[in-house]
Each structure stands twice: as C-alpha cells, then as structure tokens.
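# generate a structure from the sequence data that follows.
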Amino acid sequence: MAKDIQQSRSFHKIGAVSSLSGVPTPTLRVWEMRYQTFQPHKTESKHRLFTDDDVLKATLLKRLTEQGHGISSIAKLSTTDLNNLLQQQQVTNQRKARADSQVQSVSVAVVGLALAARIESKKFTFSFNNQAIRITDIFTNVAQALLAKFQEKSQILIIYTNSLHAGVQVDIHRLAEINHALQVIVLYNYGQEPIIESMKRCGMIVRREPISDSDLADLINSVRVVNTESGTAGLTSGMLIPPRKYDDIELMRVAGISTNVLCECPKHVAEIITQLASFEQYSRECLNNSTEDAHLHSYLSTVSGSARALFESALEMVAKHEGIDLKVTPKNSD
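Here you go, the predicted model:
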C-alpha cells in the first residue's frame, strides 16, 4: 500500500475488539501496556475505545504470532506492514504447499477496515485452507482507495459501504477500472434498488449486510472456475469466473437475428447464456438456512457461472462464423 491505513471513526470497547479479533482481553491489555500496540481513545468516564484499525491490527497480530513471530518484534508495526508480513508468510507457505498440490492463491483488495479484519481472521480463512486467499491491499473507504496506488492487480475487489447510492456507484466503477479487478463484490447496509440492479447487470455481486462469514466465504468461492480440464467439479483456486460479457438486451438482439443459412445456433446459445446467467445470480442470492445451504448455492453458482462463461466463448465463435457483430446496436427499420 502506498499509504498506511487510516483509522476509522467507528469505536469499540475492548470486549468487542476481543470478540472480533479472537485475541483474549487480558492479552490485548498486555499488548497495550507493555508494547504500546494501541493508543485507545479515553472517554470522560475513563473507558478505552478502540478503532476499526485496532481491530484489524489485533487480528493480524494474532495470525502472525500463531505463525511464530514474536510479539515484541511486531507489536508496533502499522497495519499495512503487518498485512505485508502476513502475505509474505503465506506466499512462502503456498510455495511449499504447491510441491504437493496445484493450489494457487487468489489476490483480494479490501475496502473497509472492519471487513478486512473479518477476512484476515483465521476462522474466516479456514474456509480457503488458510492459504488460498491473499489480501494485497486494505483501504478505509472507496475515496481513499481511489487516491491510493495498489500494490498489485487484485483478482477480487471486495467493498463495504454503508450507503449505496449513485455517487458511490460511480466511484466503485472507477475503482474497478483502475484496479482491473476480474470480480467485484459489494456489501452494503442501505441502498437504492435501481442502483443495485444496475450494478448486478454490470456483473458485480451485490449483497446486503448482515452476511455471515460462512456466506461471504462461499460468495468468494462462487466466483472460482470449475476445473474442466480434469473433468471433475473441483475448484481451481487461482482462476476466476469472468463477469458477464453480454447483458440480456444484447442476447435478445442476437437471438432475433436470422442468418443466411437459417442456422438457429446464435438464438439457442444466446438463450442458454441468459438462462445460465439468471440461475447464477439466483444461486448467489438464494436464502441460506444453514452452512450446508450456503455451500450448495456456492457450488451451483460456480457451475452455472463457469458454464455461462464457456457458452459466451461459444457465442463469439458462432458470431464470427455467421458474421454477427455482438456489440452493434441495431438500427431502426422505419
């Protein structure tokens, strides 16, 4: 990250920090008093209040100390440096793991400190075998991310915003373009329905909070590609299902085109893509009553998304053969 992560305006009591980070309260007190790891705000009644940045720092320190780093040597590092150290450790672990398997990491940029703390936690990353997800950048909010320089291109961009309105939508699109993210996941508390639907049509995954860690992990898993080369339904960690190339209007136009040889392949392929895209979105948004439900819907979304991407490639082959320009807006016949 070009800049250290700035502190958020949200405040938490020490018990909440302990619950969110997984660090026992006595340990947090020791880190504060002995190593000056935190500088909490103090109220008039002498209560100590911690920021979202402190929650993230505690989460990162827990992960690093569990991997053998001494607290005295890392206690005063910034959240940026702690995250970089953790990612270096994970890269090393992944290189060792690749000797026995083909698992690759998925790079993720996160906007929202509290969201980053959730994803950095060991409990969350356990869903990815603790090695398959790698956070490259963390930003406080969309505005800060737009001004910052990303350390590297991230495959997935995960954004938290309290309010999802037209201005935020424009900024999120700009951020996705700047980062060249393959997939964008947006979590929000309050939002305008037309804005939400518009973002979904652009291929973004938009979900309203609260969303459980299990559901969020499955949502991230749902954008991974099914391993078609081996003929199995295993997930290939380093690859992502691309967002939709063609919206429903474009597909309807293609389906209505008559070719010189009266071939109906463009119509049938376009209809299949529309159905797969609809089921892909349905699976992501379907109500989960249990962890098993979330895993099933994640798998169904992955399969349908992978199939949709393959059929989009097939449509391009058919269109080239039939001389159809998929991106041309039809002229009025009057």
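# contacts and neighbour counts: CA atoms only from here.
OK.
# give me the average confidence score over stretch 210-225.
Averaged over stretch 210-225, pLDDT sits at 76.
# for stretch 314-330, that is, sorry about that
Mean per-residue pLDDT for stretch 314-330: 76.
# and for stretch 18-35?
Averaging pLDDT along stretch 18-35 yields 88.
# tell me the contacts of Gln31?
Quick fix: residue 31 is Trp, not Gln. Contacts for Trp31 (Cα atoms under 8 Å, 6 or more residues apart in numbering) come out as Thr37, Phe38, Ala75.
# if we go to 7 Å?
Contacts for Trp31 (Cα atoms under 7 Å, 6 or more residues apart in numbering) come out as Thr37.
# that one is in what secondary structure piece?
In this assignment (DSSP states H and E), Trp31 forms part of helix 25-35.
# export only the CA atoms of that helix, formatted as CSV.
Output of helix 25-35 as CSV, limited to C-alpha atoms (Å, rounded to 0.1, in the frame of the first residue of the first chain):
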residue,chain,number,x,y,z
THR,A,25,-9.0,-9.4,26.6
PRO,A,26,-6.1,-9.9,29.0
THR,A,27,-3.7,-10.3,26.0
LEU,A,28,-5.0,-7.1,24.5
ARG,A,29,-4.3,-5.2,27.7
VAL,A,30,-0.7,-6.6,27.9
TRP,A,31,-0.1,-5.6,24.3
GLU,A,32,-1.3,-2.1,25.1
MET,A,33,0.5,-1.6,28.3
ARG,A,34,3.8,-3.4,27.6
TYR,A,35,4.3,-2.7,23.9
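# can you give me the buried ones in it?
Burial within helix 25-35, assessed by neighbour count using 16 or more other Cα atoms under 10 Å, is assigned to Leu28, Trp31.
# centre of the chain to that helix, how far?
32 Å (Cα atoms, centre = their mean, to the nearest Å).
# same question for stretch 252-269.
Relative to its chain's centre, stretch 252-269 lies at 36 Å (Cα atoms, centre = their mean).
# stretch 246-259 too?
30 Å.
# only the buried residues of it, if you could.
Across stretch 246-259, burial judged by 16+ other Cα under 10 Å covers Tyr246, Asp248, Glu250, Leu251, Arg253, Val254, Ala255.
# quick check: next helix or strand after the helix holding Trp31?
Criterion used, DSSP H and E; the element after helix 25-35 is strand 41-42.
# pairing partners for whatever helix or strand comes next after that following strand, with directions?
Tracing the chain past strand 41-42, the next element assigned as helix or strand by DSSP H and E is strand 48-51. For strand 48-51, the paired strands and their directions (DSSP bridges) read strand 11-12 (antiparallel), strand 41-42 (antiparallel).
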